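Undergrad: Structure of the sequence below:
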Amino acid sequence: MGLKRTNVYADEEDLTLIKEAAARMGVSEAEIIREGIHRMALATRVWDEPFLSDEETFDLGGPVASADIRAAVTSAHDSRDRQAGERAG
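TA: Okay, here's the model as predicted:
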């Protein structure tokens, strides 16, 4: 994927948070901004076909509790931070 330069206006407080996150993760501020743009582009994408038909379902293996979701998100976040640190180091 090629990169194209663009200019955006951002809230000063957001830029401060980005600067802090970049320093903490050992990546550039630009990488944080690019990832944010990419995530929002994917999150707002409209697909031509539904992921599942009305007849299809996913078996998640039973009820999923809020503690299970919290543990999964925490684990994924920690893993992402470790990977970012390895890329920087």
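Undergrad: Run through the helices of the chain in chain order.
TA: Counting by DSSP state H, the chain has helices at residues 12-25, 29-43, 66-88.
Undergrad: Now do stretch 74-89: distance to the chain's middle.
TA: Counting by CA atoms, centre = their mean, to the nearest Å, stretch 74-89 is centred 12 Å from the centre of its parent chain.
Undergrad: in it, what's buried?
TA: Applying a neighbour-count criterion of 16 or more other CB atoms under 10 Å, one finds residue 84 buried in stretch 74-89. (Each C-beta comes from the backbone N, C-alpha and C, glycine too.)
Undergrad: what's in contact with it?
TA: Here stretch 74-89 makes contact (CB atoms under 8 Å, 6 or more residues apart in numbering) with 25-27.
Undergrad: got JSON lines for those, with neighbour count and pLDDT too?
TA: Output for the contacts of stretch 74-89, formatted as JSON lines (neighbours: other CB atoms under 10 Å; pLDDT from 0 to 100):
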{"residue": "25", "neighbour count": "18", "pLDDT": "94"}
{"residue": "26", "neighbour count": "13", "pLDDT": "95"}
{"residue": "27", "neighbour count": "17", "pLDDT": "96"}
